[in-house]
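*Asks:* sequence-free structure coming up:
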């Protein structure tokens with residue numbers, strides 16, 4: 001079983017990295033628009049990156065909720 005704090009830290013790193021990639025993709029799309037290039041695929045990739053970040057946020061929330069539930073249960077049992 002992995003440590004929840006380690007999992008959260010890894011997920012946070014993924015979120016930060018993906019946010020940087022999203023920023024770079026937005027900048028790339030802006031350059032493409034300026035030069036009149038088709039941005040269809042670039043926009044699709046941006047959407048996929050944004051969906052990925054959303055999933056990382058959901059995963060982080062699930063882990064945090066599990067930790068809170070475990071602590072609450074331990075408190076009720078007197079651990």
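*Replies:* Arrived safely, thanks for sending. Quick caveat: nothing in here was measured; it's all calculated off a predicted structure.
*Asks:* Please count neighbours and contacts with C-alpha atoms only from this point.
*Replies:* Fine.
*Asks:* Please give the element, helix or strand, for residue 24.
*Replies:* Assignment of secondary structure by DSSP states H and E places residue 24 within helix 4-34.
*Asks:* Endpoint to endpoint, stretch 30-49 covers what distance?
*Replies:* End-to-end distance for stretch 30-49, by CA to CA, to the nearest Å: 16 Å.
*Asks:* Would you mind pulling the contact partners of it?
*Replies:* Contacts to stretch 30-49, defined as CA atoms under 8 Å, 6 or more residues apart in numbering, come from residues 18, 21, 22, 25, 26, 29.
*Asks:* I'd like the mean pLDDT over the helix or strand following the helix holding residue 24, please.
*Replies:* Going down the chain from helix 4-34, the next helix or strand is helix 40-77, by DSSP H and E. The average of the pLDDT scores along helix 40-77 is 91.
*Asks:* quick revisit: can you tell me the average pLDDT over the helix holding residue 24?
*Replies:* Per-region confidence: helix 4-34 scores 96 on mean pLDDT.
*Asks:* ok, and for it, which residues are buried?
*Replies:* Counting neighbours by 16 or more other CA atoms under 10 Å, one finds that the buried residues in helix 4-34 are 8, 11, 12, 14, 15, 18, 22, 25, 29.
*Asks:* Name the nearest residue to the first one, ignoring sequence neighbours.
*Replies:* The shortest distance from residue 8 to any non-neighbouring residue, by CA to CA, 6 or more residues apart in numbering, is to residue 60 (6.0 Å).
*Asks:* For residue 42, see how far away the one you found is.
*Replies:* Between residue 60 and residue 42 the computed distance is 27 Å (CA to CA).
*Asks:* more crowded one of the two?
*Replies:* The neighbour comparison of residue 60 against residue 42 (other CA atoms under 10 Å) goes to residue 60, with 20 against 15.
*Asks:* quick one, what contacts the more buried one?
*Replies:* By CA under 8 Å, 6+ apart, the contact list for residue 60 reads 8, 11, 12.
*Asks:* want to throw these into a markdown table with distance to residue 55?
*Replies:* Output for the contacts of residue 60, formatted as a markdown table (distance: CA to CA, whole Å):
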| residue | distance to residue 55 |
| --- | --- |
| 8 | 13 |
| 11 | 10 |
| 12 | 12 |
